[in-house]
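Undergrad: Please find the sequence and the predicted model below.
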Amino acid sequence: MGKTKEISKEETILIAAEFEFLDKGFDKVTMRGIAEKANVNQALLHYYYRSKEALFNKVLDNKIIIISESFIQIFEKKYSFLEKLEKAIEFHFDFLCKNPELALFIIRDIINNQERLDKIKKLFLPIMLPLLQKLQKEIDEAAKRKEITKIDAPNLILEIISINVFPFLLLPALEITGKKNLQQFLNKKKRENVILILKRLER
């Protein structure tokens with residue numbers, strides 16, 4: 001019973017931390033604020049996570065694992081490479097639709113902070129490595145069959161992320177158009193992004 005309670009407390013902390021980081025950005029978040037949001041005392045918070053950076057990395061870790069494992073599952077299916085890539089692009093876009101605050105979070109707290117970006121690259125390379133290896137093998141085989149122009153897997157992943165993230169940076173301005181128009185815009189951008197990335201791989 002005690003173990004279940006501890007796990008639920010940690011999950012509560014992670015949910016609170018994710019909300020705080022996405023809402024305020026890394027620099028404005030405090031451990032005290034996370035503890036208050038999670039309704040736990042700071043001693044318990046520090047028992048699980050010694051620093052704000054460790055908690056930030058754990059939140060990011062969870063998101064990267066979800067995306068990485070889902071991409072691997074897609075590329076293990078018996079589709080052509082371009083069909084797999086299309087499904088991967090669409091999955092990532094849909095993931096951002098469910099987590100729209102992630103776009104600003106990525107730009108504000110990771111890409112625009114070179115020191116943190118370098119640390120995160122080193123920290124999460126082991127998590128991303130199986131995906132990158134699997135994807136590079138698929139790319140090399142598709143290029144050998146003359147289906148696509150060869151590209152490095154990390155560059156392809158970065159291109160998917162950057163192209164998919166951009167529409168979500170416009171969401172605050174677009175929300176005034178109404179939910180229906182916003183959804184139509186996102187559906188259109190998802191299709192356009194797939195076409196754009198696939199065209200860049202054409203021979």
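TA: Received it, and whenever you're ready, just let me know what you need.
Undergrad: Please tell me I have it right and residue 79 contacts residue 73.
TA: No. Using CB atoms under 8 Å, residue 79 makes no contact with residue 73, being 11.8 Å away. Bear in mind the C-beta positions are built from the backbone N, C-alpha and C, glycine included.
Undergrad: can you list residues touching both of the two?
TA: Common neighbours of residue 79 and residue 73 (criterion: CB atoms under 8 Å, 6 or more residues apart in numbering): none identified.
Undergrad: how long is stretch 20-30 end to end?
TA: Start and end residues of stretch 20-30 are separated by 9 Å (CA to CA, to the nearest Å).
Undergrad: What's the local residue count around residue 138?
TA: 17 (other CB atoms under 10 Å).
Undergrad: Assess the claim that it and residue 75 are in contact.
TA: Yes. Proximity of residue 138 to residue 75 meets the contact threshold set by CB under 8 Å, at 5.8 Å.
Undergrad: Quick check: neighbours shared by these two?
TA: Between them, residue 138 and residue 75 share the contacting residues residue 84, judged by CB under 8 Å, 6+ apart.
Undergrad: Let me know the next secondary structure element after the least confident helix or strand in the chain by mean pLDDT.
TA: One helix or strand of the chain scores below all others by mean pLDDT, DSSP states H and E: helix 171-174, with a mean of 75. Using DSSP states H and E, the next helix or strand after helix 171-174 towards the C-terminus is helix 179-200.
Undergrad: Buried residues, that next one. List them.
TA: For helix 179-200, the neighbour count (16 or more other CB atoms under 10 Å) marks 186, 189-190, 193-194, 197 as buried.
Undergrad: Ok, stretch 116-131 next?
TA: Buried, per 16+ other CB under 10 Å, within stretch 116-131: 116, 120, 124, 128, 131.
Undergrad: Quick one: the residues you listed as JSON lines, columns for pLDDT and secondary structure too.
TA: Shown next, in JSON lines, are those (pLDDT from 0 to 100; DSSP: H, G, I helix; E, B strand; the rest coil):
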{"residue": "116", "pLDDT": "81", "secondary structure": "helix"}
{"residue": "120", "pLDDT": "78", "secondary structure": "helix"}
{"residue": "124", "pLDDT": "77", "secondary structure": "helix"}
{"residue": "128", "pLDDT": "83", "secondary structure": "helix"}
{"residue": "131", "pLDDT": "87", "secondary structure": "helix"}
